[in-house]
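Engineer: pasting the sequence and the predicted model now:
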Amino acid sequence: MIDELLLEAEERMDGAINALTREFSKVRTGRANPKLLDPVMVNYYGAPTPINQLANISVPEPNQLLIKPYDRSAIKDAEKAILAANLGVTPQNEGEQIRIVLPKLTEETRKTLVKDVKKLTEEAKVAIRNIRRDVNEGIKKAQKASEITEDDEKGYLDDVQTLTDQFIEKAEAEMRRKEEDLMQI
């Protein structure tokens, strides 16, 4: 039973790290990345649809995104959705496609983005600690129910702490990598 708790904790902590990297992919660096448009939902025939499902998104130049809708009638809706998403970019409708030119990041913008990255990392670390708390409670309940000994309880609690430390270090390593990426000119 305790082994199952530990395995579940590891999976959940791994999920927290994966969620963190997905959030980091949405934070804009100096280079164009199609994931920047992931939060954009287009009102397509009355249904909110992710833009990447109704258009091909490519990177023709390091600071540009090119969006080619599969259905030409969706261009106006896609343009409106990009503007409504508040991404800090202005789409340029070119008839059959939309071009987004990403402005260069200023030093001030980079520092703001680094703060955002640190905030996201802290949220992931809190999630990891909450998972630790849940598992520790399960271990303590098992000890109170006499399913494990006090010595086993201490050993399992140490294992959970070691696992938590490993995943917090992974989160910090991801943060350092993203911060380095943001501060490159």
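Structural biologist: That came through fine. Numbers count the residues shown, from 1 in each chain.

Engineer: and Thr49, that's in a helix?
Structural biologist: No. Applying DSSP: H, G, I helix; E, B strand; the rest coil, one finds Thr49 to be strand, outside a helix.

Engineer: wait, isn't it in contact with Met41?
Structural biologist: Yes. If you go by C-beta atoms under 8 Å, Thr49 and Met41 touch, sitting 6.6 Å apart. Just so you know, the C-beta spots here come from the backbone N, C-alpha and C atoms, and that holds for glycine as well.

Engineer: output the contacting helices and strands for the one helix or strand Ala127 maps to.
Structural biologist: Per DSSP states H and E, Ala127 falls inside helix 107-144. Packing contacts for helix 107-144, counted by 3 or more C-beta pairs under 8 Å, 6 or more residues apart in numbering; DSSP states H and E, involve helix 2-26, helix 150-183.

Engineer: between it and helix 150-183, how big is the angle?
Structural biologist: Using axes from the mean of the first three to the mean of the last three C-alpha atoms, to 10 degrees, the inter-axis angle of helix 107-144 relative to helix 150-183 is 170 degrees.

Engineer: quick one, which of Thr49 and Met41 is more surrounded?
Structural biologist: Applying other C-beta atoms under 10 Å to Thr49 and Met41 shows that Thr49 carries more neighbours, namely 19 against 15.

Engineer: which residue packs closest to the spatially most central residue of the chain, ignoring adjacent ones?
Structural biologist: Nearest residue to the geometric centre of the chain (C-alpha atoms, centre = their mean): Glu23, 1.7 Å. Leaving aside its sequence neighbours, Glu23 sits nearest to Leu120 (C-beta to C-beta, 6 or more residues apart in numbering; 5.0 Å).

Engineer: is it fair to say Arg31 lies in a strand?
Structural biologist: No. Counting by three-state DSSP, Arg31 is not part of a strand but coil.

Engineer: show me what contacts it?
Structural biologist: Arg31 is in contact with 62-63, counting by C-beta atoms under 8 Å, 6 or more residues apart in numbering.

Engineer: could you report the distance from Ile2 to Ala127?
Structural biologist: Distance, Ile2 to Ala127, using C-beta to C-beta, to the nearest Å: 22 Å.

Engineer: check Ala9 too.
Structural biologist: The value you get for Ala9 to Ala127, if C-beta to C-beta is used, is 12 Å.

Engineer: for stretch 134-147, which outside residues touch it?
Structural biologist: By C-beta under 8 Å, 6+ apart, stretch 134-147 touches 1-2, 5-6, 8-9, 148-150, 152-153, 156-157, 160.

Engineer: and these, which two are furthest apart?
Structural biologist: Spanning the widest gap among these are Glu8 and Glu150, at 22.8 Å by C-beta to C-beta.

Engineer: between the two, who's got more neighbours?
Structural biologist: Legend: neighbour count by other C-beta under 10 Å for Glu8 and Glu150, higher for Glu8 (14 against 8).
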